[in-house]
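Peer 1: Let's see this in three dimensions:
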Amino acid sequence: MKIKHLSLLIALILSLRTFSQNIQNNPQAQHGNKFEQLGTILPTPNDYRTASGAPGSKYWQQKADYDIDVNLDEKNFKISGTEWITYTNNSPDVLTYLWLQLDENQHDPENNMNYMDESKVNEMGTDQFIKGLKQKENLAGLGDKIEEVTDEFGKPLKYTINQTMMRIDLPKALVSKGKVKFKIKWHYKMSNRMVTGGRGGYEYFPDDGNCLFTLTQWYPRMCVYSDFHGWQNKQFTGRGEFALAFGNFKVKMTVPADHLVCGTGECQNYQQVLSAAQFARWQKAQTATEPIEIGLLADATEAEKDKNTTATKTWIFKADSVRDFAWGSSRKYIWDAMPVKCEGKRVMCMSFYGKEAYPLYRKYSTKVVAHTIKTYSKYTIPYPYPVAQSVEAANGMEYPMICFNFGRTEKDGTYTEGTKNGMILVIVHEVGHNFFPMIINSDERQWTWMDEGLNTFVEFLTEQEFDVNYPCQRGPAHKMVDYMRLPKSQLEPIMTNSENIYNFGANAYGKPATALNVLRETVMGRELFDYSFKEYCKRWAFKHPEPADLFRSMEDASAVDLDWFWRGWFYDTDPVDISIDTVRAFKVSQGKALVIKMDTVITNPPKKDFEYISQIRNKEAGIKSLVDIDTTLRDFYYHYKPSTEVVKEIKDRNENFDLLTDSAFQKMDGSYIYEIKFSNKGGLVMPIIIQWIYADGSKEIERMNVNLWRKNEKEVYKTFLKDKKVAAIQLDPFKETADINEKNNTWNIKVEPSKFDVFKVKTTNIRGQSKGTNPMQKAKEKK
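Peer 2: Residues are numbered from 1 along each chain as shown. Take a look at the predicted model:
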């Protein structure tokens, strides 16, 4: 028996060794799991969220309505308020307590102290280091001060504050479909946001002694209670943003009488708070075709000089079906407005800004707001709100119907092209946030990319339709190459919690935007992608989507299996690097496939201003940019476009090829056969895009589906029949796949070295000569 068992064991070992050798020798057997379905990686579908990606038949979400009275004490930089919250429990659960967010405690050294920020001694001497050491002293007195919490009858409610979160214990459990109404009275000292950081506070202008006030995350706000997370009460550290419930707001803001106020929603009492002249201009703006200045530059300049800090006015705003409320107040504000028709509905587009931004904002801001609302509506859902506003505040942050941006000029009114383009980018991006996450209301605290990444993608589409030559920084695939080629230790998947992201801008904004652009232009095609993306937006407007809802909706509406794409782009960190390893070329003559000898040299014509694939397709589709429709948006920089040239030279490259048998080529005389071996060196599988450059100078684009890699994720062969001679081959000619290594993307093309490569060579030579070891001389001496 022992001998028999030993024989079986030896046979088993030998068979396993043979199997292992077969695997190693057979590249067709070398495939991993890149095309496996996501399966249990995604949450199990249920009655709340279906396998199709749509809300289920029992989907629910909570509602929170607010009635707030707030006072801005400009002299003491103090905000004090009283708010009534009516909270509706639409869940099937019984709730014994409620969680609220106290975001101002971000600045409170006793409750938060920015505990995620490290500091090192080697930073000694810097302003940041000194400020960190004196943090408690600098932030003393900041943070929310809760004066009382009572029920609707005035009876005190027990509450507990834990850093940026407050729990209210209910004396009576809140049953399913029940409501509870309670009051919170609070105040806090505003911070100088230009010093302490953060989204809200004040900015002081020493030249005229006035302030811009931006009130954001300024009131105690309900946390989200959801089917997938329960209470979303993760602490606010300043990184991962917000998860908020929808509701209706009525807000009364008492401010100095010479201030102009902007805010979420519509003002209910303009006639009472505006001067007669301002109100007349407001009425005129309702039908204007160009922005009308309502609060004049002259008015703001005069108010800055003769400020009134004693008299007050109360502005009343209402907003329905919003998740948040933000506002701004200042005597420095200039205000202009114009309506835009969006899907048959009138939307008032408005801008508020100080004189420091007047030359740029007066010309561009409101028109960029209108363009953004129209373009986003085309690609997502029709904009549902009556107002959209851009407020200059030297930063960028978004809220429903209002956002804070930057874009100031020099004191003489001049500006750089970079400042102008940066302003346009930020306005488009922040206004675009009305859609993600203000309407398609994802959980920013958990997944930053679900609002920033999706928004950055549609921002890219909007920038292109603003000006076809706009220098888009995020969205085009080639813009992400430097990030994707970083060492793996410096990368993390897109599916990383907001607080854990290391390369925040690249990973939460740039890479997901690039992924969606690649999905639209290269993987799915515009028609299928646009339909599916709009379907996702329609399904989850005014709801709380999760990543799986996006992934499933895109597949459900398109019949395209995208699990490989989500796996590679969102759950992994592999880059794209597809290589041309070998090319075997043959010409069929008299029934034989003869080896081609490359004897033709072609030089590519000089190429100006590289166009990426979306630019080319927009032109083919006849999409006109806004600067071509409205020529008033053209400035000096529009006409001044310095050109750059990149020259690629095709060189002769002979190879030793095998002859093919002649039996299959009797009817193919004069044709050419090319066998190409491709390698997946990066790991991320992608479609293969080939540009054939023929000997007669013509070119052809050929696209191969990603499924070519299914049976072998490492390397594949593909044979092509052509009716004319190929002089050279280039992969990914429009740089649409984010391939990190262009040097292995060509056959028979000489790629010009980059400026960095030239610099390295020069530096090496200089160093060698300085040491008396010229590299060329050293090589000769070795010989």
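
Peer 1: looking at it, Y87 is touching L98, isn't it?
Peer 2: Yes - between Y87 and L98 there is a contact under C-beta atoms under 8 Å: 6.4 Å. From N, CA and C alone the C-beta is placed, and that goes for glycine too.

Peer 1: Common neighbours of the two, please.
Peer 2: L174, V180, M222 (C-beta atoms under 8 Å, 6 or more residues apart in numbering).

Peer 1: List the residues that contact N744.
Peer 2: Contacts of N744 by C-beta under 8 Å, 6+ apart are D577, S579, I580, K681.

Peer 1: Which of those residues fall in helices?
Peer 2: With helices taken from DSSP state H, there is no overlap with those.

Peer 1: which of the residues you listed has the most neighbours?
Peer 2: In terms of neighbours by other C-beta atoms under 10 Å, those top out with D577 at 23 neighbours.

Peer 1: I figured that residue was touching K681, is that so?
Peer 2: Yes - contact criterion C-beta under 8 Å: D577 and K681 qualify, at 4.3 Å.

Peer 1: Overlap of the contact sets of the two?
Peer 2: N741, N744.

Peer 1: In a strand, G198, correct?
Peer 2: No - read with DSSP: H, G, I helix; E, B strand; the rest coil, G198 is coil and lies in no strand.

Peer 1: Compile the shared contacts of Y87 and L98 into TSV and extend it with columns for secondary structure, distance to I494 and pLDDT.
Peer 2: Converted to TSV, these look like this (DSSP: H, G, I helix; E, B strand; the rest coil; distance: C-beta to C-beta, whole Å; pLDDT from 0 to 100):
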residue	secondary structure	distance to I494	pLDDT
L174	strand	37	98
V180	strand	38	98
M222	strand	29	98
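
Peer 1: among the residues you listed, which ones are buried?
Peer 2: For the shared contacts of Y87 and L98, a burial check counting by 16 or more other C-beta atoms under 10 Å picks out L174, V180, M222.

Peer 1: Out of these, the closest to A277 would be?
Peer 2: Checking the buried ones among the shared contacts of Y87 and L98 against A277 by C-beta to C-beta gives M222 as the nearest, at 40.7 Å.

Peer 1: Surely that closest one touches F242?
Peer 2: No - using C-beta under 8 Å, M222 makes no contact with F242, being 11.1 Å away.

Peer 1: okay, and the common contacts of those two?
Peer 2: Q101.

Peer 1: Quick one: the strands in the stretch 151-300 of the chain, in order.
Peer 2: Secondary structure of the stretch 151-300 of the chain (DSSP state E, counting those that start in this stretch): strands at 159-162, 165-174, 179-189, 201-205, 210-215, 221-222, 225-226, 230-231, 247-256, 260-263, 266-267, 292-295.

Peer 1: List just the nearest of the buried ones among the shared contacts of Y87 and L98 to T150.
Peer 2: V180 (12.1 Å).

Peer 1: which residues does the closest one contact?
Peer 2: Counting by C-beta under 8 Å, 6+ apart, V180 has contacts T86, Y87, N89, L98, D151, L170, L174.

Peer 1: so what's N455 closest to, chain neighbours aside?
Peer 2: F436 (4.3 Å; C-beta to C-beta, 6 or more residues apart in numbering).

Peer 1: And for L98?
Peer 2: Closest to L98 by C-beta to C-beta, 6+ apart is I168, at 4.7 Å.

Peer 1: Y159 versus the one you found, what's the distance?
Peer 2: Going from I168 to Y159 by C-beta to C-beta, to the nearest Å gives 5 Å.

Peer 1: helix or strand for the closest residue in space to E293 that isn't next to it in sequence, which one?
Peer 2: Leaving aside its chain neighbours, E293 sits nearest to D336 (4.7 Å; criterion: C-beta to C-beta, 6+ apart). Per DSSP states H and E: D336 is located in strand 334-342.

Peer 1: what ranges do the strands span in the stretch 301-450 of the chain?
Peer 2: 312-322, 327-330, 334-342, 345-353, 387-392, 397-399, 402-405.

Peer 1: would a markdown table of those strands with mean pLDDT be doable?
Peer 2: A markdown table is the format used below for the strands of the stretch 301-450 of the chain (pLDDT from 0 to 100):
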| stretch | mean pLDDT |
| --- | --- |
| strand 312-322 | 98 |
| strand 327-330 | 98 |
| strand 334-342 | 97 |
| strand 345-353 | 97 |
| strand 387-392 | 98 |
| strand 397-399 | 95 |
| strand 402-405 | 97 |
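
Peer 1: Relative to N517, which of those is closest?
Peer 2: Per C-beta to C-beta, nearest to N517 of these: strand 397-399, 21.3 Å.

Peer 1: Now tell me which helix or strand of this structure has the poorest mean pLDDT.
Peer 2: Least confident helix or strand of the chain, by mean pLDDT, DSSP states H and E, is strand 649-650 with a mean of 36.

Peer 1: you'd agree E465 is in a strand?
Peer 2: No - E465 is assigned helix when assessed by three-state DSSP, not a strand.
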